[in-house]
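Chemist: Fold the following and give me the result.
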Amino acid sequence: MENNESLVRPKLLNEDTQDVALRPRTLKEFLGQKTMKENLNIFISSAKNRGESLDHVFLIGPAGLGKTTMAQIVANEMGTGFVQTTAPALEKPKDLVGFLTNLKKGDVFFIDEIHSLKPAIEELLYIAMEDFGIDWVVGQGPMARTIRIAIKPFTLIGATTKAGVVSSPLISRFSIPCRFSFYDQEDLQAIVRRSAKLMEIKIEDDAACLLAKSSRGTPRVVNRLLRRMRDFAQYAGEPSITAAVVKTGLLRLEIDELGLEKQDREILKIIIERYKGGPVGAENLAISIGESVETLEDYYEPYLIQAGLLQRTPRGRVVTSFTYGHLGVTAAKDTVGFLFDNQ
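Modeler: Have a look, this model is predicted:
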């Protein structure tokens, strides 16, 4: 399978300055995730009234739904500093100590991909989260001793796409869990209109609706697609983004009305053609599409499952009846396999 850079696989795309410019900076500006926002507003307001740091926050959800943005918003709402890193960047305990000892009172310390923390660093983080201190070993052999280094009260925000692999002791130290879900149509349309306004792009309502439907329930994707539609509109000499421009653009990008691109459709076709609709194990499927199991599970499957096109069963992955209709596939009555009518 081709492994071209994708517009609709948000985790595989690098952030750019335009993405940062479109990010909301307050809870009021953040669109979607209504219940989460309301709860965070209560927790933040209460912490500020008490003059305390916000309790540690755990952000869970697929890539591109706004976890990093929400972490920055928390810092903005608290009126504190924001320090950011990723778990893979913390290779040794001293790396973590360097961050923690430089935090100011009340700062938000954001660790992305927190499921990737090494055990030694994770254990060091436990004490810092609970007691705002670090136990550090000084010296070697018989002369070694442990000293406690005090750190200023801070708020740790951890983000992960893999909550299931985060250790229980670490999860238990986060008292504010926040789970992101894919965005609904109405919220995505509002995001399109907001982004278009910030980018000074004119977009018609039916075009915004079509873009929202094709963005996999993900704000980062809808913003990327909006930029590409701006290019198509400009090339065609259109003063605004119309539904016709969006339809043409999506066709050129090989993105369908559900937001599936060529790679997504290939996964579903392989399950049907080679494995008679499933079940097929994750390892076999990953080999068939030329991807790693991690890429399959993290970047392809979440939305395919959310869209009702794929199911995970104890025996493996299985396509649904909806998949056949979406791909224009007719199931053969015998055991020979399936025939693609529209391919």
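Chemist: how about low-confidence regions in the protein?
Modeler: Counting by pLDDT under 70, the chain contains low-confidence ranges at 1-19, 139, 141, 331-343.
Chemist: What strand or helix carries the most centrally placed residue in it?
Modeler: Within the chain, the residue whose C-alpha comes closest to the C-alpha centroid is A63; the distance, by CA atoms, centre = their mean, is 1.4 Å. Using DSSP states H and E, A63 maps to neither a helix nor a strand.
Chemist: Looks like it contacts Y300 (just checking).
Modeler: No. Contact between A63 and Y300 fails when scored by CB atoms under 8 Å: they sit 11.5 Å apart. C-beta coordinates here come from the backbone N, C-alpha and C atoms, glycine included.
Chemist: Tell me how many other residues crowd P93.
Modeler: P93 sits with 17 neighbouring residues when counted by other CB atoms under 10 Å.
Chemist: Going forward, the N-terminal residue is numbered 52.
Modeler: Shifting the count to begin at 52 puts that one at P144.
Chemist: Find the nearest non-adjacent residue to it, please.
Modeler: With CB to CB, 6 or more residues apart in numbering as the criterion, P144 has its nearest non-adjacent residue at 5.2 Å, and that residue is L175.
Chemist: I figured S104 hits L207, correct?
Modeler: No. Counting by CB under 8 Å, no contact exists between S104 and L207, whose distance comes to 9.7 Å.
Chemist: just to revisit the earlier point, gap between the residue nearest to P144 and D146?
Modeler: L175 sits 10 Å away from D146, going by CB to CB, to the nearest Å.
Chemist: Counting neighbours, go ahead and name the busier of those two.
Modeler: A direct count of neighbours by other CB under 10 Å for L175 and D146 places L175 higher, at 21 against 14.
Chemist: Report the secondary structure element holding that one.
Modeler: Counting by DSSP H and E, the element that carries L175 is helix 170-182.
Chemist: Return the list of helices and strands in contact with that helix.
Modeler: Packed against helix 170-182 by the contact rule (3 or more CB pairs under 8 Å, 6 or more residues apart in numbering; DSSP states H and E) you find helix 144-152, strand 184-189, strand 206-211, helix 219-222.
Chemist: for these, which one ends up most surrounded?
Modeler: Scoring those by mean neighbour count under mean count of other CB atoms under 10 Å gives strand 206-211 as the most buried, with a mean of 25.
Chemist: could you give the angle of that strand to helix 144-152?
Modeler: 130 degrees (axes from the mean of the first three to the mean of the last three CA atoms, to 10 degrees).
Chemist: For strand 206-211, which strands pair with it and how are they oriented?
Modeler: Here the strand partners of strand 206-211, with direction, are listed using DSSP bridges: strand 108-111 (parallel), strand 159-163 (parallel).
Chemist: so after the shortest one, what's the next helix or strand?
Modeler: On the C-terminal side of strand 108-111, the closest following helix or strand by DSSP H and E is helix 118-129.
Chemist: Could you export that next one as PDB, keeping only the C-alpha atoms?
Modeler: Provided in PDB are the C-alpha atoms of helix 118-129 (Å, rounded to 0.1, in the frame of the first residue of the first chain):
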ATOM      1  CA  LYS A 118      -5.800  17.600  23.900                       C
ATOM      2  CA  THR A 119      -2.800  19.900  23.600                       C
ATOM      3  CA  THR A 120      -5.000  22.900  22.900                       C
ATOM      4  CA  MET A 121      -7.000  22.200  26.100                       C
ATOM      5  CA  ALA A 122      -3.800  21.900  28.100                       C
ATOM      6  CA  GLN A 123      -2.800  25.400  26.900                       C
ATOM      7  CA  ILE A 124      -6.300  26.700  27.700                       C
ATOM      8  CA  VAL A 125      -6.100  25.400  31.300                       C
ATOM      9  CA  ALA A 126      -2.900  27.400  31.700                       C
ATOM     10  CA  ASN A 127      -4.400  30.500  30.200                       C
ATOM     11  CA  GLU A 128      -7.500  30.200  32.300                       C
ATOM     12  CA  MET A 129      -5.400  29.700  35.500                       C
END
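Chemist: Can you name every helix or strand that the helix or strand that comes right after that helix contacts?
Modeler: Moving toward the C-terminus from helix 118-129, the first helix or strand encountered (DSSP H and E) is strand 133-137. Strand 133-137 makes packing contacts with helix 118-129, strand 159-163 when contacts are defined by 3+ CB pairs under 8 Å, 6+ apart.
Chemist: Distance from the chain centre to the first one, please.
Modeler: Yep, that's helix 118-129 we're talking about. Averaging C-alpha coordinates over helix 118-129 and over its chain gives two centres that are 15 Å apart (CA atoms, centre = their mean, to the nearest Å).
Chemist: That helix to strand 206-211, inter-axis angle?
Modeler: Interaxial angle, helix 118-129 versus strand 206-211 (the same axes, to 10 degrees): 170 degrees.
Chemist: circling back to that earlier point, and the gap between the residue nearest to the centre of the chain and T211?
Modeler: Counting by CB to CB, the separation of A114 from T211 is 10 Å.
Chemist: ditto for R325
Modeler: Between R325 and T211 the distance is 32 Å, computed by CB to CB.
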